[in-house]
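K.L.:
I would like the atomic coordinates for the input below:
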Amino acid sequence: IMSLDVRLSSRRAIICPHCGKVVDYKFLDTVYSGGSVWYGFLKDIGYYVPHGELAEKNDWYGKDMVLTKEQAKNLVKYIKDNGSFDYGEIKALVSEAMFDGDDIVISADW
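P.N.:
Residues are numbered from 1 along each chain as shown. Now for the predicted structure:
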């Protein structure tokens, strides 16, 4: 199995005061993780797709994916259940982002 690097970030939308639309995002906090423990979660959310099944529409390699609230909750449970040493940092990032209404973004490179 190849090396897997995962970046989890919280980000906040920057809203235009004139038109009310999102004009940019500000990244607030980031946790870096990695290892094969992540493959199951990435596969569950559709981020990791086996090479033979890759298509342009499902190729997330190195791209940011915004997690839904349900996916973010599942992330914390998955990491706890699978023994990642980053559990505390990830739980704090997700909890704070959800409390503040910010996005949780995941990106992976392998």
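K.L.:
quick one: contacts for the residue nearest to D59 when sequence neighbours are not counted?
P.N.:
Excluding its sequence neighbours, the residue lying closest to D59 (C-beta to C-beta, 6 or more residues apart in numbering) is V49, at 7.2 Å. Quick note: C-beta positions are derived from backbone N, CA and C, even for glycine. Residues in contact with V49 (C-beta atoms under 8 Å, 6 or more residues apart in numbering) are 43, 58-60.
K.L.:
Can you flag the buried ones in those?
P.N.:
The neighbour count (16 or more other C-beta atoms under 10 Å) marks W60 as buried among the contacts of V49.
K.L.:
for the protein, what spans make up the strands?
P.N.:
5-15, 22-34, 65-66, 103-109 (DSSP state E).
K.L.:
in the last one, what counts as buried?
P.N.:
It refers to strand 103-109. Using 16+ other C-beta under 10 Å as the test for burial, strand 103-109 gives 103-108.
K.L.:
distance between the helix or strand of the chain with the lowest mean pLDDT and the chain's centre?
P.N.:
Of all helical and strand segments in the chain, the minimum by mean pLDDT, DSSP states H and E falls on helix 38-44, at a mean of 92. Distance of helix 38-44 from the chain centroid (C-alpha atoms, centre = their mean, to the nearest Å) equals 11 Å.
K.L.:
Kindly export it (C-alpha atoms) in CSV.
P.N.:
Only the C-alpha atoms of helix 38-44 are listed here, as CSV (Å, rounded to 0.1, in the frame of the first residue of the first chain):
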residue,chain,number,x,y,z
TRP,A,38,-7.8,6.5,6.2
TYR,A,39,-8.6,4.3,3.2
GLY,A,40,-11.9,3.0,4.6
PHE,A,41,-13.2,6.4,5.4
LEU,A,42,-12.1,7.9,2.1
LYS,A,43,-13.7,5.1,0.2
ASP,A,44,-17.0,5.5,2.2
